[in-house]
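Q: Sequence below, structure please.
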Amino acid sequence: MTNSPVSQALAVEAALANDHQARLMKALRPWLKPKVVAGGGIVFLLVFMGILAPALAPYDPNTQNLLNTLHAPGWWGSEHFLGTDHVGRDILSRIFYGARISLVIAGTVVVISGIVGVALGAISGFFAGLTDFFIQKLVEVVWAFPPLLLAIAIMAFFGQGLGILIFALVVQRWIPYCRVSRGQALSLRTRDFVDAARSLGATNTRIIMKHILPNLLQSAMVIGTFAMATAIIAEASLSFLGLGVPPEIPTWGAMLADGRTYISTSWWLALFPGLCIFFTVLGINLLGDGMRDIFDPRLKRSGSGTG
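A: Reported below is the predicted structural model:
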């Protein structure tokens with residue numbers, strides 16, 4: 001006895017639904033690995049803290065109260081959950097606003113560095129010859145300077161400011177994008193789809209924009225996650241040395257610098273911003289490592305990309 005048309009249609013629909021669900025789970029499975037989930041959760045928390053800092057912070061981060069200085073953390077039963085600093089400012093509020101500054105600086109540095117580095121790398125690898133020679137010589141000259149010392153020199157020469165700090169961090173951080181993009185572009189320029197586009201009359205600009213750059217984005221995304229971590233550390237280091245953003249802008253590095261004088265008596269001044277930097281960098285590195293495993297085809301072929 002044959003099945004009715006209705007039963008056959010229902011069976012086909014069920015098979016299609018199961019196939020769609022299986023494809024969806026296969027696509028999501030690499031993103032559900034512990035390090036991707038843990039790293040992504042920490043990064044999401046950083047973004048959440050930064051965007052909603054005005055709503056989450058119980059006090060203005062710059063409001064001073066000299067009658068309530070160096071107040072120890074009172075946890076849930078106190079007005080100041082994480083205590084106050086040496087001029088009576090609320091530590092928790094400054095940590096929330098510090099997350100916003102770290103997010104703005106790291107995100108801006110990564111975006112600008114990525115655009116500059118990927119563009120120069122694509123041009124260098126695609127055209128090769130003298131163009132590649134001059135761009136790579138520029139890379140070697142800039143790469144010869146120690147990153148932190150170069151940033152210190154720029155900040156000392158131009159002065160403090162958010163824009164100057166971002167510029168000082170971008171000066172060298174475009175180089176990893178450029179080197180990786182150049183290597184990929186050297187390989188892509190000889191591929192059949194590039195020859196086909198050229199034979200159809202596509203200009204070099206169109207080939208780079210339509211065929212080269214889209215193939216460089218995955219690597220740039222992975223580099224960007226690690227670059228965010230190094231940018232946060234560099235900003236904290238410069239702020240710790242007094243060369244970061246102006247003092248009225250709360251940052252985790254500046255909080256560490258304020259707390260070093262009282263480290264033996266008021267441990268909370270340096271502990272909490274230090275933990276924020278530690279867990280933020282850890283989360284970004286975990287997320288970057290997981291994205292590298294997902295996007296790197298060599299790891300996929302070797303079977304380690306799903307670990």
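
Q: Quickly note the distance from the residue nearest the centre of the chain to Asp289.
A: In the chain, the C-alpha nearest the mean C-alpha coordinate belongs to Met228, at 3.0 Å (C-alpha atoms, centre = their mean). Distance, Met228 to Asp289, using C-beta to C-beta, to the nearest Å: 13 Å. All C-beta atoms are positioned from the backbone trio N, CA, C, and that covers glycine.

Q: just Ile277 next, same as before
A: 18 Å.

Q: go on, Arg29?
A: Arg29 sits 17 Å away from Asp289, taking C-beta to C-beta as the criterion.

Q: And Ala254, by the same measure?
A: Distance, Ala254 to Asp289, using C-beta to C-beta: 29 Å.

Q: From the neighbour counts alone, determine which of the two ranks first.
A: Ala254 (25 against 17; other C-beta atoms under 10 Å).

Q: now the helices: where do they sit in the stretch 51-200 of the chain?
A: Applying DSSP state H, counting those that start in this stretch to the stretch 51-200 of the chain gives helices spanning 53-56, 91-127, 129-143, 147-158, 162-173, 175-188, 192-199.

Q: Next, the angle helix 147-158 makes with the third one.
A: For the pair helix 129-143 and helix 147-158, the angle between their directions (axes from the mean of the first three to the mean of the last three C-alpha atoms, to 10 degrees) equals 80 degrees.

Q: What about Ile208, how many residues nearby?
A: Under the neighbour criterion other C-beta under 10 Å, Ile208 is assigned a count of 22.

Q: Quick check, pLDDT for it.
A: In the prediction, the pLDDT value recorded for Ile208 is 91.

Q: contacting residues for it?
A: Contacts for Ile208 were tallied using C-beta atoms under 8 Å, 6 or more residues apart in numbering; they are Ala122, Ile123, Phe126.

Q: Then Phe240?
A: The neighbours of Phe240, taking C-beta under 8 Å, 6+ apart as the test, are Gly253, Ala254, Leu256, Ala257.

Q: mind checking the SS state of Cys276?
A: helix (DSSP: H, G, I helix; E, B strand; the rest coil).

Q: for it, what are its contacts?
A: Taking C-beta under 8 Å, 6+ apart as the definition of contact, the neighbours of Cys276 are Ile95, Gly98, Ala99, Trp252.

Q: Kindly recompute the last result at 7 Å.
A: Going by C-beta atoms under 7 Å, 6 or more residues apart in numbering, Cys276 touches Ile95, Trp252.

Q: can you count the residues close to Asp85?
A: Here the count is done by other C-beta under 10 Å, and Asp85 has 22 residues near it.

Q: pLDDT score assigned to it?
A: Confidence at Asp85, expressed as pLDDT, is 91.

Q: in terms of contact, does it touch Thr261 like I think?
A: No: taking C-beta atoms under 7 Å as the contact criterion, Asp85 and Thr261 are not neighbours in contact, 10.5 Å apart.

Q: Now do the same contact list for His86.
A: Thr69, Leu70, Asp258, Tyr262.

Q: go again using 8 Å as the cut-off
A: Taking C-beta under 8 Å, 6+ apart as the definition of contact, the neighbours of His86 are Thr69, Leu70, Asp258, Thr261, Tyr262, Ser266, Leu269.

Q: Pull out the buried members of the contacts of Phe240.
A: Gly253, Ala254, Leu256, Ala257 (16 or more other C-beta atoms under 10 Å).

Q: And the third one, how far from Leu241?
A: What it means is Leu256. The separation that Leu256 has from Leu241, given C-beta to C-beta, amounts to 10 Å.

Q: Just name the shakiest helix or strand of the protein by mean pLDDT.
A: For the chain, scoring each helix and strand by mean pLDDT, DSSP states H and E identifies helix 297-302 as the least confident one, at a mean of 47.

Q: residues in contact with stretch 125-143?
A: By C-beta under 8 Å, 6+ apart, stretch 125-143 touches 120, 123-124, 171-172, 175, 178-179, 181-186, 188-189, 204, 207-208, 212.

Q: Could you do stretch 53-62 as well?
A: Applying C-beta under 8 Å, 6+ apart, the external contacts of stretch 53-62 come out as 49, 79, 81, 89-90, 92-94, 96-97, 99-100, 248, 250.

Q: can you check stretch 89-97 too?
A: Stretch 89-97 is contacted from outside by 49-50, 53, 56-65, 73, 80-85, 250, 252, 255, 268-269, 272-273, 276, using C-beta under 8 Å, 6+ apart.
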